[in-house]
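Visitor: Sharing a model that was predicted from the sequence below.
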Amino acid sequence: MYFDALTLAAVADELRATILDGRVQRVRLPSPLSVALEIYAHGRREHLLLSAHPQWTRVHLCVAKPSRGVERDTPLLLLLRKYVVGGRIVAVEQPALERVLILSIAKGPHARNTASAGLHLLVPSPVATVEGGAPIPAPAAKEWLGVRARDDEEPALEDDEGLAEPLRCELIVEAMERRGNIVLVADDNVILESARHITPRMSRRPVQPREPYELPPAQAKRDPRHATAEGIHALLEDSSAAPVLGRALVGAYRGLSPLAAREASFRATGQPDPPLAPDMPWERIAAAVRELWSAPWQPSLVFDEGEPAAFAPYALTHLAPFEAQPATSAALELYYAARERLSSHEQRRAAVRQQLLDARERLDRQRRLLGVELERAQDLERLRWEGEMIYGFLHAIQPGQTALEVEGRSIALDPAHTPVENAQERFHAYDKAKGALAGVPERLRAVETRLAGLDETLALLELAEGFEAIEGIAREAAEQGYLREPDAGRKRQKARTQPPLRIESGDGFTIYVGRSAGQNERVTFALGGPDDLWLHARGIPGAHVIVKSGGRDVPEQTLLEAAALAAYFSKARDEAGVDVEIARRALVRRVPGSPPGLVTYRAERAVRVAPRAPW
């Protein structure tokens, strides 16, 4: 999903209507590649997010104040405090058809939005805004912004009236995914600092301190605001043009994203991706392309299973049904909040996974050391046998003898000691080793049991879907001693205890599926009765599944449905077929002293099924 030039044009219009002439009160870094500005404008406090995230680069207003994610004072943060905090936003500009936003900021006496406050960038083309962009309707903007905290008067800042002349700078956002950046440029067009440093070895356009700033080079494409039927018809004769209308438009016109091109195609032809053909309505296509840039903004969101799946500053008719949004920033905040929520799930999963793997490495090291200790037990009998043989052949051992041959085996002797002393050394070593090795087999079994439980937890972590499921597994792992307690003062979102998954089979039987070690324990021994059927993927960590029989015979179709669920919620989810074993619950037993969810069982039959999701 692209944050394209058209979306940025809508955001720029919205910022002109909300934060222009506003004063920057605070600046913080939510992440190393993002900047959040708190701006007081028109009697209202606004929060502006600038992000150079490699996937989700963007600019928009936020309802909630972005939290600080970078604790240390970075060079960029220090310079932003010097040049931006306390300054007035005197201009919001976008180079024509580019994904670049420029905030001009003046700090000092009489710093206001005047005609003299302009840009002084070395640019390949004049800086201009997108033509035809209409500001967000005031009633809708006020409705969306009305949920924010209001202030009766502008908060006081440190005194900057001591500056003889206004201190001017430009804060520039290059919203171009993997090449995104946030650049602070001084009034003399020299880069002060940037979120990303681009060296001459990395690019022909370096971005680093003390270098002059240049805008990204413009693409050699046509202007979509002036699209004509003749120009689009010429794509038929262009051998380099894609055979599909939407892709051909993207290749020919600047600032036109694939989503916008599909929307224009749909509005003109009724199809989002029609193939290029000689009889296409060229006039309607050109008008649809121009309309995207000239019509009033109509922010919209498309949802898929309750989650935002696409956004645009225009009505997404080709993805209908869509939901109109009060502001472009409102649509962007909803969309990217969902993306970051997913990202936080994966980051949390990765963090828990790494902690569990570290714990597994420690347990595995214990297992290896105990294995070495257990191997030493094999030498105990040799020590005892050697001591007994030396005593038995005392009469045959000569002074200074270094070895005793018995039954084809050689026993080393220390000639500096008497035969009795040699024998006593063997018995002493035997007694010492025997005491040291007492309990090693039991300790080894306990470590191997914990390793099996940890492998089960790791497998279920990979299958967990959603933040709460991941946090539930992390909490259980901490209770079992696999994870260390969080550091004091660290705040973690509290996860709600989730119940096992409950599903009705096609035959009306209730099926329970455990998705964590604790849920597996509950499914098997709390929800499952002795005559219910218990299923588990053969030899693979995964979910315990119970089919509640209620004393009835379970149909084969229900068994296959339950087996497919057991396969899906197992480590073999991506396999084409998985062997699932079936047993009566009465044949399933807890492993004594083991973590929750570890059992032994006697399978009565097995089926091979393809994993199938319950939704």
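Guide: Perfect, I can see it now.
Visitor: Check the spacing between A459 and E468 real quick.
Guide: A459 is 19 Å from E468, where distance means C-beta to C-beta, to the nearest Å. (C-beta placed from N, C-alpha, C; glycine too.)
Visitor: now V372
Guide: Where E468 is concerned, V372 sits at a distance of 42 Å (C-beta to C-beta).
Visitor: Neighbour count: these two, which is higher?
Guide: When V372 and E468 are compared on other C-beta atoms under 10 Å, the one with more neighbours turns out to be E468, at 16 against 10.
Visitor: buried residues in the helix or strand where that one lies?
Guide: Using DSSP states H and E, the secondary-structure element containing E468 is helix 467-479. Residues F467, E468, A469, I470, E471, G472, I473, A474, R475, E476, A477 are the ones in helix 467-479 that count as buried (16 or more other C-beta atoms under 10 Å).
Visitor: Kindly report the same for stretch 567-586.
Guide: Taking 16+ other C-beta under 10 Å as the criterion, stretch 567-586 shows 567-573, 578-585 as buried.
Visitor: And the strands in the stretch 51-200 of the chain, which stretches?
Guide: Taking DSSP state E, counting those that start in this stretch as the test, the strands found in the stretch 51-200 of the chain are 58-62, 88-93, 100-107, 167-174, 181-186, 191-194.
Visitor: and the chain, what are its domains?
Guide: With domains defined by automatic domain parsing, the chain comprises 5-194, 224-330, 378-436, 501-609.
Visitor: distance between the second one and the chain's centre?
Guide: With C-alpha atoms, centre = their mean, to the nearest Å as the basis, domain 224-330 stands 30 Å off its chain's centre.
Visitor: Endpoints of it, how far apart?
Guide: End-to-end span of domain 224-330 (C-alpha to C-alpha, to the nearest Å): 26 Å.
Visitor: low-confidence ranges in this structure?
Guide: 1, 69, 71, 109-165, 340-347, 376-379, 435-438, 466-467, 485-497, 615 (pLDDT under 70).
Visitor: one step back: among the strands of the stretch 51-200 of the chain, which comes closest to D455?
Guide: Evaluated with C-beta to C-beta, the strands of the stretch 51-200 of the chain place strand 58-62 nearest to D455, the distance being 40.5 Å.
Visitor: Next one: A310 from G270, what distance?
Guide: Counting by C-beta to C-beta, the separation of A310 from G270 is 19 Å.
Visitor: So those two - more neighbours on which side?
Guide: A310 (17 against 10).
Visitor: Give the pairing partners of the helix or strand that one falls within; include direction for each.
Guide: When elements are assigned from DSSP H and E, A310 belongs to strand 307-312. Sheet partners assigned to strand 307-312 using DSSP bridges are listed as strand 300-304 (antiparallel).
Visitor: mind listing what's buried in the partner strand?
Guide: Under 16+ other C-beta under 10 Å, the buried positions of strand 300-304 are S300, L301, V302, F303.
Visitor: Same list, these, but as TSV with distance to G551 please.
Guide: Supplementary listing: those in TSV, determined by distance: C-beta to C-beta, whole Å:
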residue	distance to G551
S300	54
L301	50
V302	49
F303	44
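Visitor: helices or strands next to the helix holding E468 in the packing?
Guide: Counting contacts by 3 or more C-beta pairs under 8 Å, 6 or more residues apart in numbering; DSSP states H and E, the secondary-structure elements packed against helix 467-479 are helix 328-376, helix 440-463, helix 517-522.
Visitor: what's the angle from it to helix 440-463?
Guide: Here the directions of helix 467-479 and helix 440-463 differ by 170 degrees (axes from the mean of the first three to the mean of the last three C-alpha atoms, to 10 degrees).
Visitor: Pull helix 467-479 out as CSV, backbone CA atoms only.
Guide: This file holds the C-alpha atoms of helix 467-479, laid out as CSV (Å, rounded to 0.1, in the frame of the first residue of the first chain):
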residue,chain,number,x,y,z
PHE,A,467,-0.9,-10.0,20.6
GLU,A,468,-3.0,-11.4,23.4
ALA,A,469,-2.2,-15.0,22.4
ILE,A,470,1.5,-14.2,22.3
GLU,A,471,1.4,-12.5,25.7
GLY,A,472,-0.6,-15.5,27.1
ILE,A,473,2.1,-17.9,26.0
ALA,A,474,4.8,-15.5,27.4
ARG,A,475,3.0,-15.3,30.7
GLU,A,476,2.7,-19.1,31.0
ALA,A,477,6.4,-19.5,30.0
ALA,A,478,7.3,-17.1,32.8
GLU,A,479,5.2,-19.0,35.3
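Visitor: quick one: whichever helix or strand comes after that helix to chain centroid distance?
Guide: Downstream of helix 467-479, the next assigned helix or strand under DSSP H and E is strand 501-504. For strand 501-504, the distance between its averaged C-alpha position and the chain's averaged C-alpha position is 28 Å (C-alpha atoms, centre = their mean).
Visitor: got it, and stretch 441-455?
Guide: Its chain's average C-alpha position is 32 Å from that of stretch 441-455, according to C-alpha atoms, centre = their mean.
Visitor: Quick one: residues in contact with that stretch.
Guide: Contact partners of stretch 441-455, identified using C-beta atoms under 8 Å, 6 or more residues apart in numbering, comprise 356, 359-360, 363-364, 366-367, 370-371, 374, 480, 482, 517, 541, 591, 593-598.
Visitor: got the CA positions of that stretch in CSV?
Guide: What follows is stretch 441-455 as a C-alpha-only set of coordinates in CSV (Å, rounded to 0.1, in the frame of the first residue of the first chain):
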residue,chain,number,x,y,z
PRO,A,441,19.6,-39.9,36.2
GLU,A,442,16.6,-38.3,37.9
ARG,A,443,18.0,-34.8,37.2
LEU,A,444,18.7,-35.7,33.6
ARG,A,445,15.1,-36.9,33.2
ALA,A,446,13.8,-33.7,34.7
VAL,A,447,15.9,-31.5,32.3
GLU,A,448,14.8,-33.6,29.3
THR,A,449,11.1,-33.2,30.5
ARG,A,450,11.5,-29.4,30.7
LEU,A,451,13.2,-29.4,27.3
ALA,A,452,10.1,-31.2,25.9
GLY,A,453,7.8,-28.7,27.5
LEU,A,454,9.9,-25.8,26.1
ASP,A,455,9.8,-27.2,22.6
